[in-house]
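S.K.: Give the three-dimensional model of this entry:
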Amino acid sequence: MSQPSSSVPAAPGHRLVFDRYGKAEVRLVHVDRSSPQHELRDLTVSTALRGDFGAAYTAGDNAAVLPTDSQKNAVYGLAREQGVGEPEDFAGVLARSLLQTSPAASAAEITVEEHGWSRIAAGGGRAADHAFTRAGAEVRTASLVAGRDGTAVLHGGLRDLVVLKTTGSEFSGFPRDRFTTLAETDERILATSVTATWRYRDGAHAQGLDFGALWTGVRAALVTTFAGHHSLALQQTLHAMATAVLDAHPEVEEVALVMPNKHHFLVDLSPFGLDNPNAVYVAADRPYGLIEGTVRRAGAAPDAG
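M.R.: Numbering: from 1, shown residues only. Take a look at the predicted model:
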C-alpha cells in the first residue's frame, strides 16, 4: 500500500495552535477488602496530556506519544498499587505518574466522576458489609490540571443534583413585549438540576485537604441554601448558593453553577369546573430556562486552568 507523499509542502501560514490527547471515560470499580466492611468506589476517569506533541499531528511521528492505552492501564495499575481514595487525591496520583512517564508532556489533565452507592440495610438495622444499592443519578466530580512546573488547578464538583421546593419562590417585575405571555407569580414550584464546580485555593498544595468532608460540606451548603432562601428569581438563588459555599469554606476560591429551570406549570382545570389553588401542575422537560453564574471570592485570581 503506497504511503502519502511527504514532498507536498504545508500551506504557508498554517500551523497547529493547540493539541491535547488522552483516554476518555475509563470505567473503574475498586473494592477495598482490607476490613470486613468492604469499601466500593465506582469511577469514570479521563486523562489527557498537553505538550510538545506537534510532530505526531504534522508528520505522524509518534516518538513522544505515550499511548492512550498506556494511560488507561495506568488508571487500573495505580488503583491496584495505591488504592483510590477521594477523587481529587486519585487525580493527583494519576497526574504525577503521567508527567513522570511522558517527558514531552507539559501538563496532565485528569477528570474523575464518582457514581455513588449506598449500603443496603441488613438485619437488625445494621448496614450490610458487602451489598449496595445505586444512590441515584447524582455524580461527584473532580478535575486537575497539573503542570510540569509544579502549578496546578484543582476543582471539585457535582452534577445531576435535582432539588425542588413547593413554596418560597416567586417571579415578577420582568419586562414585557408583544411575545410575553408569562404571568407574574408570588407562589410557584422551583426546581432545578444543579451542576456545581468549585475551585480550590492553591491547587498545587491542596492535596492534603480532607476532600470527602469538603465535598459533603459544599453540597450541604448548596442544598440548605436552596431550601431556606426566599427566591425572587433562580438567578438570585444561584448567587445565594454560591455565596454560602464561599462563606462556609475558605478552601474554596470560586464556585460556578449551572441550573436549568425545571418548569412546573399550573394546569387549567376550569374546563372541568374545577379550581386549582396551586395544587396540580404539569412538569415540562423542555424547553427550559438555563441559568448560569460564577461567584469568585473577593481578591481571588481568575481560573487559570
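S.K.: okay but Ala108 is in contact with Val93, surely?
M.R.: No - assessed by C-beta atoms under 8 Å, Ala108 is found out of contact with Val93, at 10.9 Å. To be clear about C-beta, it is placed using only N, CA and C from the backbone, and glycine gets the same treatment.
S.K.: between these two, who's got more neighbours?
M.R.: Neighbours around Ala108 and Val93, counted as other C-beta atoms under 10 Å, are more numerous at Ala108. The numbers are 28 against 21.
S.K.: The more buried one pairs with what?
M.R.: Under DSSP bridges, the beta-bridge partners of Ala108 are Leu49, Ala146.
S.K.: Show me the shaky parts of the stretch 201-305 of the chain.
M.R.: Within the stretch 201-305 of the chain, the set of residues satisfying pLDDT under 70 comprises 204, 304-305.
S.K.: That one: strands as residue ranges?
M.R.: 252-261, 264-266, 281-283, 289-296 (DSSP state E, counting those that start in this stretch).
S.K.: Can you give me the buried ones in the third one?
M.R.: Right, strand 281-283. Tyr281 (16 or more other C-beta atoms under 10 Å).
S.K.: and what of stretch 106-121?
M.R.: Ala107, Ala108, Glu109, Ile110, Thr111, Val112, Glu113, Glu114, His115, Gly116, Arg119.
S.K.: ok, now stretch 26-44?
M.R.: Applying 16+ other C-beta under 10 Å to stretch 26-44 flags Val26, Leu28, His30, Leu40, Arg41, Asp42, Leu43, Thr44 as buried.
S.K.: Provide the secondary structure category for the last one.
M.R.: This points to Thr44. Following DSSP: H, G, I helix; E, B strand; the rest coil, we place Thr44 in the strand state.
S.K.: next one: the second one
M.R.: When states are read from three-state DSSP, the local structure at Leu28 comes out as strand.
S.K.: where's it relative to His263, distance?
M.R.: From Leu28 across to His263, the span is 37 Å (C-beta to C-beta, to the nearest Å).
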